[in-house]
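Enquirer: What follows is a predicted protein model with its sequence.
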Amino acid sequence: MQDLLYFSQQLINGLTIGSAYALIAIGYTMVYGIIGMINFAHGEIYMIGAYTALIAITGLTALGLAWLPLILIVALLCAIIVSSSMGWAVERVAYRPVRGRHRLIPLISAIGMSIFLQNYVHLAQGSRNVGFPALIEGGFNFSADGAFEMSLSYMQITIFVTTLICMTALSLFISRSRTGRACRAVSQDLGMASLLGIDTNRIISATFVIGAALAAVAGLLLGMYYGSVDPLFGFIAGLKAFTAAVLGGIGSIPGAMLGGLILGVSESMTSGYLSGEYKDVVSFGLLILILLFKPTGLLGKPEVEKI
Amino acid sequence: MAANNYRHALFCAIVTLIISFPILGLNLEAQGVNITLTGAKTSTYIAIFMAAVAVFVFQAFRDSFMGMLGKLPTLNPLAHKEPMEQSKRVKLESWIMTGLLVLALFWPFFVSRGSVDLATLVLIYIMLALGLNVVVGLAGLLDLGYVAFYAVGAYTFALLSQYTGISFWMALPIGALLAGLFGLLLGFPVLRLRGDYLAIVTLGFGEIIRILLNNWTSLTGGPNGIGGIPDPTFFGMEFGRRVKEEGNTSFHETFGIAYSGEHKVIFLYLIALVLAVITALIIRRFMRMPVGRAWEALREDEIAARSLGLSRTAVKLSAFTIGAFFAGFAGTVFASKQGFISPESFVFLESAIILAIVVLGGMGSQLGVILAAIAVTILPELAREFSEYRMLIFGAAMVLMMVWRPQGMLPMKRIHIKLHKQE
């Protein structure tokens, strides 16, 4: 019983982190699906989302607002607006001019952008990590015989529910709306889509904006969950989310969700049963193994090399 | 069209405000457990506003600006000149190289100790950049974990000197070979991957090495690093004031000159110089050998190169291993120069800096890479008051370079012979 509780605790923690990874991974996978580049600066967009949310929360509290749901919703909106604008601007400045050139050129441009954004926040907000207030406290506790308590906090439930809402909304958007249909068309064949009258530049911008908005949601959630943010916050999270996207099959949205969950669980199992220090090693090791043995990921389609 | 232009310009200006105002204008400050929000200086707000106005003006009159930019080359006196002839260019480049070398040989004797130390660091970066140039510039494999091989070289020397008391000269080949071996072992499975996947896998590998160095405390000392790494010796002569080992002689006693701390610094500088020259020469030979041509062929068109019978794995692996080998070389020199190493020195940012050097210099071009290494290392030292903006400018420079001049400052030109029509 004891072991089972411990195991379920790790599972819950893993699923919590994993669902947030999945939110970030969507941004990578959608961009890759449409223009075939790794948006290296995506982790920084997520970090900026977390910072904006924290700034909004602090500002609203200072203004005397006390009703928690309102604070959270306003903070979330602020984060989404700032991150989406950032995502739009990054695509416009750094990626659109180099689109269609040799594969490495957009990637190097993205790395440059990532360094730039990291230092932008570093210069503006300082390099020290800033504490994120725990706004959602408490939770359910389960215990067998008093020795080990398994807890499911309200924060974790919030993360699950928010992720679920975002994912459902995204799926509906992609499958039902006009823009969503255009997104799918562009990801299948960019040239053909533009011949049929779809404004591909607009769709690509929309992809960046959607990805950035989801990253901002993840930024608020994970910032609150971890309890602090710093300018380097986005780098590792971005890499993890990329791993999740590759794990599920890059370019596939359900794949990103699945990959995020698997990665989160395997990470928390490592911290739970081995050592917390090696959890990054496990996720990078996982990435290398997947790329070696199944480069298309779990749900990805094989890519055919055209001559 | 005009109204549309203004609408777009207004939109861009608003986006500029949105992305700069919350982050720049409102600062989070931790006071005890509480976090408060303070406004920035008035000048910051003015700057944000000016930036938005600038974006608006640029976007609104974009077409006329671009038209003016299009006319600019006519003002440039060099634009009408024929590009320099191939043979002349090669000659000029080799003259510049020789000039740099002669300058590098003599100047440490006339400048301060600090400058020589900095110059040694520049030379280490030159070695690293030349090595990465083989991988990225010539073979077109984006390696984001290059610093891992540098770490292997440095830690090999540090650990061997700690446990077996090995000297610098023994460690140099061992460190480089071990780094090359790591490159071979990593490269074997991952080189089947396509460009951008390869970049991420190498990045992951670099992080794994760093995390291992950080956490394997019993062997590597963890975040505390390893200290007491010995200096190189001059034919067995030590550079300290007193000899550490029994029966050894010290440099200043043998030559009958007064002890000076500068001897060691200059000696280390000269070693780095010689090694950098060796690196450059070896890679220069490789570039002209069949394997060098195969690297470039594979970079330009993998399918065509394979259909002509090149073995993809062998060619890529050779580039990867050679690149790693020189990183190990540089790592050993770095360990000896610092006397102390810790995982702090081998973070991803270091890989990004080396990559930026290669990209700025012009992928594949040796002279370009050397000049870029000098610029990237020395410029931040000269402009110390701007040192905190260094990485910001770095990132921006990488993006701008890719947008305007992806081939770099001094792009590589293949040495070729033009056949003239027979009279």
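Expert: Thanks, I have the structure now. Residues are numbered from 1 along each chain as shown, chains lettered A, B, ... in the order given.
Enquirer: what residue ranges in the chain are flagged as low confidence?
Expert: Here I'm looking at chain A. Where chain A drops to pLDDT under 70, the residues are A:1, A:143-148, A:302-307.
Enquirer: wrong one, chain B
Expert: Scanning chain B for pLDDT under 70 picks out B:1-3, B:32-33, B:71-86, B:195, B:235-256, B:258-260, B:413-418, B:423.
Enquirer: domain ranges for it?
Expert: B:2-69, B:96-404 (automatic domain parsing).
Enquirer: wait, which of the ones you listed is closest to chain A?
Expert: domain B:96-404 (2.7 Å; Cβ to the nearest Cβ). Using the backbone N, CA and C atoms, a C-beta is placed for each residue, glycine as well.
Enquirer: Can you classify A:Ser127 by secondary structure?
Expert: Assigned by DSSP: H, G, I helix; E, B strand; the rest coil, the conformation of A:Ser127 is coil.
Enquirer: same question but for A:Ile136, I mixed them up
Expert: Classified using three-state DSSP, A:Ile136 is coil.
Enquirer: I'd say it and A:Gln156 touch.
Expert: No. With contact defined as Cβ atoms under 8 Å, A:Ile136 does not count as touching A:Gln156 (9.4 Å).
Enquirer: more neighbours, the two?
Expert: A direct count of neighbours by other Cβ atoms under 10 Å in any protein chain shown for A:Ile136 and A:Gln156 places A:Gln156 higher, at 21 against 17.
Enquirer: so who does the more buried one touch?
Expert: For A:Gln156, the contacting residues are A:12-13, A:16, A:139, A:225, by Cβ atoms under 8 Å, 6 or more residues apart in numbering or on different chains.
Enquirer: try 6 Å this time
Expert: A:Thr16 (Cβ atoms under 6 Å, 6 or more residues apart in numbering or on different chains).
Enquirer: Now A:Asp189: phi and psi?
Expert: Phi and psi for A:Asp189, reported as degrees, to the nearest 10, are phi -160, psi 100.
Enquirer: ok, now how distant is it from chain B?
Expert: 20 Å (Cβ to the nearest Cβ, to the nearest Å).
Enquirer: Neighbours of that residue, how many?
Expert: Neighbourhood size, A:Asp189 [other Cβ under 10 Å]: 11.
Enquirer: How many residues are close by the residue nearest to B:Leu178 when sequence neighbours are not counted?
Expert: Of all residues not flanking B:Leu178 in the chain, B:Thr156 sits nearest, at 5.0 Å (Cβ to Cβ, 6 or more residues apart in numbering or on different chains). B:Thr156 has 24 neighbours, counted by other Cβ under 10 Å.
Enquirer: for B:Ile257, same thing?
Expert: For B:Ile257, the neighbour count with other Cβ under 10 Å is 10.
Enquirer: In three-state terms, how would it be classified?
Expert: coil.
Enquirer: Show me which residues of the stretch 101-250 of chain A are close to chain B?
Expert: Neighbours of chain B within the stretch 101-250 of chain A, by Cβ under 6 Å from any Cβ of the partner chain: A:103-105, A:107-109, A:112-113, A:115-116, A:119, A:124-125, A:130.
Enquirer: ok, and the most crowded of these?
Expert: The residue in those with the most neighbours, by other Cβ under 10 Å, is A:Ser109 (30 neighbours).
Enquirer: if I pick the nearest residue to that residue once chain neighbours are set aside, what's in contact with it?
Expert: Leaving aside its sequence neighbours, A:Ser109 sits nearest to B:Met402 (Cβ to Cβ, 6+ apart; 3.9 Å). Neighbouring residues of B:Met402 by Cβ under 6 Å, 6+ apart: A:98, A:105, A:108-109.
Enquirer: With A:Ala79 instead?
Expert: A:49, A:52-53, A:216, A:220.
Enquirer: looking at those residues, which has the most residues close by?
Expert: When neighbours are counted by other Cβ under 10 Å, A:Gly49 leads those with 35 neighbours.
Enquirer: ok, back up a step: next step: the contacts of B:Met402 restricted to helices.
Expert: Judged by DSSP state H, helices contain the following of the contacts of B:Met402: A:105, A:108-109.
Enquirer: export these to TSV and tack on distance to B:Tyr269?
Expert: What follows is these, written out as TSV (distance: Cβ to Cβ, whole Å):
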residue	distance to B:Tyr269
A:Ile105	36
A:Ile108	32
A:Ser109	36
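Enquirer: Of those residues, which is the nearest to B:Ile19?
Expert: A:Ser109 (17.9 Å; Cβ to Cβ).
Enquirer: Quick check: residues of the stretch 1-150 of chain B near chain A?
Expert: Contact residues, the stretch 1-150 of chain B versus chain A (Cβ under 6 Å from any Cβ): B:15, B:18-19, B:22-24, B:26, B:28, B:30, B:35, B:37, B:142.
Enquirer: hmm, 8 Å instead?
Expert: By Cβ under 8 Å from any Cβ of the partner chain, the residues of the stretch 1-150 of chain B that approach chain A are B:15-16, B:18-19, B:22-24, B:26-28, B:30, B:33, B:35-37, B:136, B:140, B:142, B:144.
Enquirer: about what we covered before: and the residue nearest to B:Leu178, what does it touch?
Expert: B:171, B:174-175, B:178-179, B:328, B:331-332.
Enquirer: Can you get me a residue count around the nearest residue to A:Leu104 once chain neighbours are set aside?
Expert: In space, and not counting its chain neighbours, A:Leu104 is closest to B:Leu142: 5.1 Å by Cβ to Cβ, 6+ apart. Counted with other Cβ under 10 Å, the neighbours of B:Leu142 add up to 23.
Enquirer: next one: B:Thr220
Expert: Counted with other Cβ under 10 Å, B:Thr220 comes out at 22.
Enquirer: Buried residues, the strand or helix carrying B:Phe11. List them.
Expert: Taking DSSP states H and E as the criterion, B:Phe11 maps to helix B:2-20. Within helix B:2-20, the residues that count as buried by 16 or more other Cβ atoms under 10 Å in any protein chain shown are B:9, B:12-13, B:15-20.
Enquirer: What's the first helix or strand after it?
Expert: Using DSSP H and E, the helix or strand that directly follows helix B:2-20 along the chain is strand B:26-31.
Enquirer: tell me which strands and helices that next one is in contact with?
Expert: Under the contact criterion of 3 or more Cβ pairs under 8 Å, 6 or more residues apart in numbering or on different chains; DSSP states H and E, strand B:26-31 touches helix A:42-62, helix A:104-125, strand A:130-131, strand B:34-39.
Enquirer: pull the CA atoms of the helix or strand that comes right after the third one into CSV?
Expert: Helices and strands here follow DSSP H and E; after strand A:130-131, the next one along the chain is strand A:139-143. Written as CSV, here are the backbone C-alpha positions of strand A:139-143 (Å, rounded to 0.1, in the frame of the first residue of the first chain):
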residue,chain,number,x,y,z
GLY,A,139,-5.3,20.1,-1.6
PHE,A,140,-6.5,16.6,-0.9
ASN,A,141,-4.4,14.2,1.2
PHE,A,142,-4.7,10.5,1.2
SER,A,143,-2.8,8.3,3.6
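Enquirer: if we can go back for a sec, of the residues of the stretch 101-250 of chain A next to chain B, which pair is most distant in space?
Expert: The span of these, defined through Cβ to Cβ, is set by A:Arg103 and A:Val130 at 37.3 Å.
Enquirer: Spell out the secondary structure type for the residue of the stretch 151-300 of chain A found nearest chain B.
Expert: In the stretch 151-300 of chain A, no residue comes nearer to chain B than A:Phe284, which is 3.6 Å away by Cβ to the nearest Cβ. Three-state assignment for A:Phe284 (three-state DSSP): helix.
Enquirer: What about it, how many residues nearby?
Expert: Other residues near A:Phe284 come to 23 when the count uses other Cβ under 10 Å.
Enquirer: Thought B:Glu207 was touching it, still the case?
Expert: Yes. If you go by Cβ under 8 Å, A:Phe284 and B:Glu207 touch, sitting 5.7 Å apart.
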